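Q: here are the coordinates; sequence isn't available:
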């Protein structure tokens with residue numbers, strides 16, 4: 001009887017390990033709680049490592065050796081696969097090559113509202129020589145202060161924003177706003193009108209779409225999807241689909257807080273795209289596994305939910321996740337990507 005129970009528990013453990021490691025196979029990557037678990041692969045590796053150690057200790061007893069040995073093998077394989085996935089997506093440290101006349105640098109930073117000083121945001125954007133800056137959870141007042149500071153430092157920017165206003169239950173919440181800064185060197189841009197009904201924008205917190213006035217240049221999408229809390233899973237899935245729809249093809253660059261990892265985006269890409277026709281630039285340039293949230297955790301066990309993406313019109317040539325700004329106040333890290341025009 002005990003032997004049969006051991007076999008059943010081993011099979012159950014193997015299935016659980018498979019689901020946690022690759023929920024996409026079971027179509028659970030956007031279902032609670034597997035969406036949250038797979039977003040923390042670094043933590044998953046540590047958990048499987050701890051299970052492996054405990055199982056090996058249990059192997060010292062003859063009574064539990066067979067069962068513990070089976071669990072040890074499962075933990076070793078599952079932990080190794082998860083670690084391999086992280087390495088394949090890139091564990092850094094990343095770098096940005098020298099800029100050329102045709103390159104574009106894109107920075108995204110969820111600033112957590114007033115938690116991050118506007119002058120510091122401007123200094124960071126200047127240091128990174130950013131041409132596009134997506135700032136989820138940033139009011140237009142802060143965005144304008146950043147743009148003014150950047151202008152005074154010799155790098156003027158146009159400030160655009162989307163604001164859902166004073167929403168019921170969330171008064172004075174900075175996440176009601178998303179700001180986008182664009183260098184005048186890229187031309188004039190206008191924000192596409194949208195509403196917060198889930199058809200022309202993300203559901204609970206705003207994104208924005210900026211298009212070149214003269215039609216020359218990339219469409220730029222500053223993204224902020226709602227966090228996948230249990231009560232908001234349907235809204236979160238809808239937000240990811242809306243974001244994917246913004247990148248149907250052509251010349252598009254998206255940046256922001258997607259509140260999702262590339263695992264969560266499975267089956268939302270078209271062709272070889274990660275999300276719609278857009279590709280995740282960090283994963284293409286060796287930093288895709290570095291956690292941008294939370295700054296309370298080391299990058300290797302954090303979750304990479306902030307992204308910069310682009311269609312095949314652009315080739316990413318470098319990326320960095322900045323952890324030197326962890327004490328700044330925000331719970332997110334800035335991500336900077338450099339693109340060159342494809343071909």
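A: Great, that's in hand. As the structure is a prediction and not an experimental result, all values here were calculated from the model.
Q: what's the spacing between residue 31 and residue 246?
A: The spacing between residue 31 and residue 246, counted by CB to CB, to the nearest Å, is 24 Å. Just so you know, the C-beta spots here come from the backbone N, C-alpha and C atoms, and that holds for glycine as well.
Q: Report all helices and strands that the lowest-mean-pLDDT helix or strand in the chain contacts.
A: None of the helices or strands of the chain scores lower by mean pLDDT, DSSP states H and E than helix 2-21, at a mean of 89. With contacts defined as 3 or more CB pairs under 8 Å, 6 or more residues apart in numbering; DSSP states H and E, the secondary structure elements packing on helix 2-21 are helix 34-38, helix 41-58, helix 65-89.
Q: what about the stretch 151-300 of the chain, any weak spots by pLDDT?
A: By pLDDT under 70, the low-scoring segments of the stretch 151-300 of the chain are 166-173, 195-198.
Q: What segments of it are strands?
A: 158-163, 177-182, 189-191, 208-212, 219-224, 252-257, 279-280 (DSSP state E, counting those that start in this stretch).
Q: Counting by contacts, list what the last one packs against.
A: Of the remaining helices and strands, those touching strand 279-280 by 3+ CB pairs under 8 Å, 6+ apart are strand 306-310.
Q: buried ones in the strand it packs on?
A: The neighbour-count criterion (16 or more other CB atoms under 10 Å) identifies 306, 307, 308, 309, 310 as the buried residues of strand 306-310.
Q: Nearest to residue 251 among the residues you listed?
A: Minimum distance to residue 251 across the buried residues of strand 306-310 is 8.6 Å, recorded for residue 310 (CB to CB).
Q: Show the contacting residues for the closest one.
A: Residues in contact with residue 310, defined by CB atoms under 8 Å, 6 or more residues apart in numbering, are 218, 252, 253, 254, 278, 279, 281, 316, 339.
Q: and if you look at residue 305?
A: Contacts of residue 305 (CB under 8 Å, 6+ apart): 39, 257, 258, 259, 260, 261, 292, 293.
Q: Using JSON lines, please lay out those residues together with distance to residue 207 and neighbour count.
A: Below are those laid out as JSON lines (distance: CB to CB, whole Å; neighbours: other CB atoms under 10 Å):
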{"residue": "39", "distance to residue 207": "20", "neighbour count": "24"}
{"residue": "257", "distance to residue 207": "9", "neighbour count": "29"}
{"residue": "258", "distance to residue 207": "10", "neighbour count": "29"}
{"residue": "259", "distance to residue 207": "11", "neighbour count": "26"}
{"residue": "260", "distance to residue 207": "13", "neighbour count": "27"}
{"residue": "261", "distance to residue 207": "18", "neighbour count": "25"}
{"residue": "292", "distance to residue 207": "17", "neighbour count": "28"}
{"residue": "293", "distance to residue 207": "17", "neighbour count": "20"}
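Q: Could you identify the most distant pair in the residues you listed?
A: Across the contacts of residue 305, the two members that end up farthest from each other (CB to CB) are 39 and 257, 13.0 Å apart.
Q: need the contact list for residue 208.
A: When the contact criterion is CB under 8 Å, 6+ apart, the partners of residue 208 are 160, 161, 162, 178, 180, 191, 192, 194, 201, 221, 222.
Q: Tell me what it is bridged to.
A: In this structure, residue 208 has the following beta-bridge partners (DSSP bridges): residue 222.
Q: Kindly provide the distance from it to residue 188.
A: Using CB to CB, one obtains 16 Å as the distance from residue 208 to residue 188.
Q: mind putting the helices and strands packed on helix 2-21 in CSV, mean neighbour count, distance to residue 20 and mean pLDDT included?
A: Formatted as CSV, the entries for the helices and strands packed on helix 2-21 read as follows, by neighbours: other CB atoms under 10 Å; distance: least, CB to CB, whole Å; pLDDT from 0 to 100:
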stretch, mean neighbour count, distance to residue 20, mean pLDDT
helix 34-38, 20, 6, 97
helix 41-58, 18, 6, 97
helix 65-89, 18, 7, 96
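Q: Would you mind saying which of these lies nearest residue 25?
A: For the helices and strands packed on helix 2-21, distance to residue 25 was read as CB to CB. The smallest value, 11.1 Å, belongs to helix 34-38.
Q: now what about that closest one, what contacts it?
A: Counting by CB under 8 Å, 6+ apart, 19-21, 23, 26, 28-29, 44, 228, 233, 260-261, 263-264 sit against helix 34-38.
Q: More neighbours: residue 31 and residue 246, which one.
A: For residue 31 and residue 246, the more surrounded residue by other CB atoms under 10 Å is residue 246, and the numbers stand at 20 against 14.
Q: Can you give me the separation between the more buried one and residue 275?
A: Noted for residue 246: a distance of 9 Å to residue 275, by CB to CB.
Q: Residues that sit against both of these two, list them.
A: With CB under 8 Å, 6+ apart as the test, residue 246 and residue 275 both reach residue 254.
Q: Correct me if wrong: residue 240 contacts residue 267.
A: No - with the criterion set as CB atoms under 8 Å, residue 240 and residue 267 do not qualify as a contacting pair; they are 10.5 Å apart.
Q: Of those two, which one has the most company?
A: residue 240 (23 against 9).
Q: who's in contact with the more buried one?
A: Under the criterion of CB under 8 Å, 6+ apart, the contact partners of residue 240 comprise 30, 225, 258, 260, 264, 265, 268, 275.
Q: Between those residues, which sits nearest residue 152?
A: residue 258 (31.8 Å).
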